[in-house]
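Engineer: My questions are about this predicted structure, shown below with the sequence.
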Amino acid sequence: MLALSGCYSGMQDFDPGETAGPGAASGASDDAPAEPTEPTAGEEVTCDGGPGVSAAPMRRLTGLEYDNTIRDLLHDDSRLAEGFQPDEEVGGFAANSVGKLDKSQLDEYVAAAEELAHSAVDERWERLVGCDASGPGCVESFVEGFGRRAFRRPLSTTEQADYLELYEDATAEWGPTEGVAMVIQAMLLSPYFLYHVEPADEPGVQPVSRFALASRLSYFAWASMPDDELLDAAEAGELTQPEQVEQQIRRLLADERAAATITSFHRQWLHIQGLPEKVKDPTLFPAWNESLGQSMEQETLRFVDQVVRHGDGTLQTLLTAPWTVADATLAEHYGVPAPDEDWAVVPLPADERAGLLTHASFLTSTAHAGENSWAHRGKFVREKMLCHVLPPPPMNVGSNEPNDPSRLEDPNCNFCHLQMDPIGIGLDAYNPIGIFGPEGPDGETISTEGQVLGVEGLESFDGAVELATALAKAPQVHDCMAKQWFRYGVRRVDTEADACTLEQLRGTFAESGQDIQELMVAIALSTAFRYQLNE
Amino acid sequence: MHRHNPLSRRGFLGGACAGLSCLPMMSNLIGRAVRAADEGVFAKRLLVFFTPNEPIDRDHWKPEGSGGEFALTSLPQMMRGLEPHMQDLVLVGDLDMKTRDKETHGAGHVGIGHMLTGRVVSPYGSGNGDFWASGISVDQHVANHLGVDALTLGVIPGGASGNSRISYTGADEPVHPLASPDEAFDSLFQDAMLPPDELAALRARRLSVLDRVAGDLRSLDSRLPSEARDKIDVHLGLVRDLEDKLAQDTLITCEPEPIASGPNYEANNNFPLTAQRQIDLMVQALACGITDVGSLQLGNTGAGHLTPLWPDYGVDINKDCHNIAHDYNQGAGGAATENRVALETFFFDMFGYLLDRLAAVPEGPDGERLLDNTLVLWCKNIGYNHAGREMLYMLAGGAGGALQTGRFVSFDGRPHNDLLVSVCNLMGMDDTTFGDPELCNGALPL
């Protein structure tokens, strides 16, 4: 039980609105039976009526999805979306599901489509079109094939005719090359390209349409469009049975493109986007600069990819590894010998470093310009590793110095700060750019005795290594990671209707020994992932 | 949002110039904003200027003088950068942000979503910034009335969340500011630099493409749930606006001064430079008739992501802007006050820079200035100690003769919605209420 439940009263996980209670999915589909439901081990949740499904708002492609899709569709890795307006986040992950499009975003799409379409016809005509536009059937087959990949489903007869008409009109005026470019341009501006379109023809809980499911799978595993094999499977009706879905998700996860999802999840979960732009006091931390920040970010992304796709794939290793993937700059930062290659696995002192919580990226991004932030570091553990919800600071309180013990006494503050600061105190041996130093400026030993109040086994700990080791073993952390990955996978905050799905995910994650890829497979197989709730 | 007088190439000379050296200075903008159709008549402009946190407290922002209304004879210390423009200002004191009393999303900075809309926000998550405003903001409302696209510029505004957005075309319709002055310049002026035949062809091609896109948007609509249909409707509206704009024979009648690329406009160290360049760009856009409505957003609600290590601009503090504000609120005095005043002085200096630039563009035969034809709304999203009480707002510029300046006026306890009505009225509109009607008493007697 939490010692300070006052902080949480009435602050359960946010429910964004429309939900179906457990049981909504019951008997929903003839051709795609719901997951067999295990008897639940949970105390409050009963899943006898079958798992539920929540309504999922329509999303626009995130910047990462746009760039990866363009890479796979046009063989163009110019990554123009890195200059787009930032993504809107829901539940800590880019979702673009609430706010509507604005003019600047449309302008960005228009400019990007123009640029991409022209470089496509100028530089990659053979690969993309592969025939003489004036030849018989050339453009027809281009529109059909490219359209299927751009819209992630076959074009309707009407659409095929409409896009050919655009081609004909454009060609009459500006020639066939421009005609093809304008077809590409229009498709890149079409809502069928820019949004995750999931038609809702029938009310109630329905299986996600086969092409929409193919997209759900590929954007989850790759942050990109389906490949031909996946589209073919969808077209052939081979995504209806769980074992077919499992075969596909495992195939996708084995592909190099899965690195995008592994790194994107962790970058967002750790909230290290924008790390190189972080401000540090140059007089206190002369070593800090943008390039060091980029190295730190690279380290973490390479490390998580190494663990999840090339290592034992477990949460334990992510949280406790006494090694990392470093370049010479970071090796020096960590006080270990430089690797032989640009980037390589290097061992770290096991009494100083243990997994992600001791990465320079995390420690730097959760510190102020001149000093550490107990609250930021503790808040991460509390919210992202334990899935506790801390309310925003009260409306009119003043705060004080970044790390002020009086916040732990003041009843206006300590509701929440007792949840955060004693965790952050345990990480105080790492300075605001993540350098380990057990002694303060006057040679005094820095106290790193911390507490994670209310979490069994973590009531007291000394230093980051103990903290990380205990968190890696804590069932609450395992369950929270299942929830975080679920939110990432469906790009919305879980609701009551997802209780049974989450129960199953927790079970699978535990049985697999906290294997991240097994968790991802289970998410792809879950009812929440394969069904939709229509109004 | 149909534009009546957008871009045109007529009279435009800049196409051949590749570098900065051959381009005219701002003073060459003289008279360029005269509308071709209304010779000698200058458009009235609205410009919103936003800076983070509160203007300290009443002791710091109240100018010397007695009573509820008086002529300005001096300005508070932190506003010394505004001294040359004292007679261009109206300080509007002691308003309340009454929307905060109705707000249920419990975050100290939620007022940024109330500031220009006069409504409580619409949350989409439990986090501090997980909200969008629930209605249109005054800048967009005025832009709709005038038939122009508002220009929304930001200076390191931060990610796409409620804490970082001030302008809205409607509920859940945040307007994302252009944050890169060089790229924003290109998007405003680049097409106009093409030779006329190329520009005409480009527009024709875009129209063909957008016509097809509009067809897809319309076909999609019927197959979607209502929340998705709403998104597609807004999207289709934007596409139609763009089509209308491309279909018009439009004109631009000035010689724009390009904004240099090179500096990292997202870097904390370059914040003051970026702010100045965005101000330069905004003033050009207003002077050239690119638009008549704009907003400039420096940082965001609390600006915890900005650390004012800007010694060349008179402020050098290694705490972030938000902590500086809180330190003062928690314990005024000593370094806390010094830092707080230094930070706010910096932001008022930036406002002074804006007024300088607006005053430097002549408009009219008798020494009138762009500033005289503009209504500038200086605003923040909170009052002292992050509350919504005793708030300071400022109006600047002559609003085309509608506003009598050089004054302080207090409206103790009136809702800030009333000021938003006044803004509409000063812009020549006859609105009697703005935002949440329950929180609005009508225009202030300015």
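Structural biologist: Great, that's in hand. Numbering: from 1, shown residues only, chains lettered A, B, ... in the order given.

Engineer: which stretches of the stretch 201-350 of chain B form strands?
Structural biologist: Using DSSP state E, counting those that start in this stretch, the strands of the stretch 201-350 of chain B run over residues B:293-298, B:309-310, B:315-316.

Engineer: and among those strands, the most buried is which?
Structural biologist: Compared across those, strand B:293-298 shows the largest average neighbour count, a mean of 27 (mean count of other Cβ atoms under 10 Å in any protein chain shown). No exception for glycine: its C-beta is placed from N, CA and C like everyone else's.

Engineer: Centre of the chain to it, how far?
Structural biologist: 2 Å (Cα atoms, centre = their mean, to the nearest Å).

Engineer: Nearest residue to B:Gly170 in space, please, no chain neighbours.
Structural biologist: B:Ile136 (5.3 Å; Cβ to Cβ, 6 or more residues apart in numbering or on different chains).

Engineer: From B:Asn144, how far off is the one you found?
Structural biologist: 8 Å (Cβ to Cβ, to the nearest Å).

Engineer: With neighbour numbers in mind, choose between these two.
Structural biologist: Set B:Ile136 next to B:Asn144 and count neighbours by other Cβ atoms under 10 Å in any protein chain shown: B:Ile136 wins out with 23 against 16.

Engineer: That one against B:Thr117, yeah?
Structural biologist: Yes - in terms of Cβ atoms under 8 Å, B:Ile136 counts as a neighbour of B:Thr117; the distance is 6.6 Å.

Engineer: any shared contact partners between those two?
Structural biologist: Both B:Ile136 and B:Thr117 are contacted by B:Tyr168, under the criterion Cβ atoms under 8 Å, 6 or more residues apart in numbering or on different chains.

Engineer: if we can go back for a sec, mind pulling the model confidence for the residue nearest to B:Gly170?
Structural biologist: Note for B:Ile136: predicted pLDDT of 98.

Engineer: A strand includes it, no?
Structural biologist: No - under the criterion used here (DSSP: H, G, I helix; E, B strand; the rest coil), B:Ile136 is coil, not part of a strand.

Engineer: From A:Ala510, how far out is it?
Structural biologist: Applying Cβ to Cβ, the value for B:Ile136 to A:Ala510 is 50 Å.

Engineer: for the stretch 301-450 of chain A, what are the low-confidence residue spans?
Structural biologist: Scanning the stretch 301-450 of chain A for pLDDT under 70 picks out the ranges A:392-402.

Engineer: That one: strands as residue ranges?
Structural biologist: Going by DSSP E, counting those that start in this stretch, the stretch 301-450 of chain A shows strands at A:323-326, A:344-347, A:449-450.

Engineer: Quickly compare those and say which is most buried.
Structural biologist: By mean count of other Cβ under 10 Å, the strands of the stretch 301-450 of chain A have strand A:323-326 as the most buried, with a mean of 23.

Engineer: Can you tell me which helices and strands that strand packs against?
Structural biologist: Contacts defined by 3 or more Cβ pairs under 8 Å, 6 or more residues apart in numbering or on different chains; DSSP states H and E place strand A:323-326 against helix A:290-305, helix A:328-334, strand A:344-347.

Engineer: what's around residue 341, how many residues?
Structural biologist: Picked chain A for this. When neighbours are counted by other Cβ under 10 Å, A:Glu341 comes out with 9.

Engineer: was after chain B, sorry
Structural biologist: Neighbour count of B:Val341, defined by other Cβ under 10 Å: 18.

Engineer: so what's residue 63 closest to, chain neighbours aside?
Structural biologist: If you meant another chain, say so; for now it's chain A. Distances taken as Cβ to Cβ, 6+ apart put A:Ala81 closest to A:Gly63, at 3.9 Å, once the chain neighbours are dropped.

Engineer: should've been chain B
Structural biologist: Excluding its sequence neighbours, the residue lying closest to B:Pro63 (Cβ to Cβ, 6+ apart) is B:Phe408, at 5.2 Å.

Engineer: what do you get for A:Leu61?
Structural biologist: Counting by Cβ to Cβ, 6+ apart, A:Leu194 is the residue found nearest to A:Leu61 once chain neighbours are left out, at 6.0 Å.
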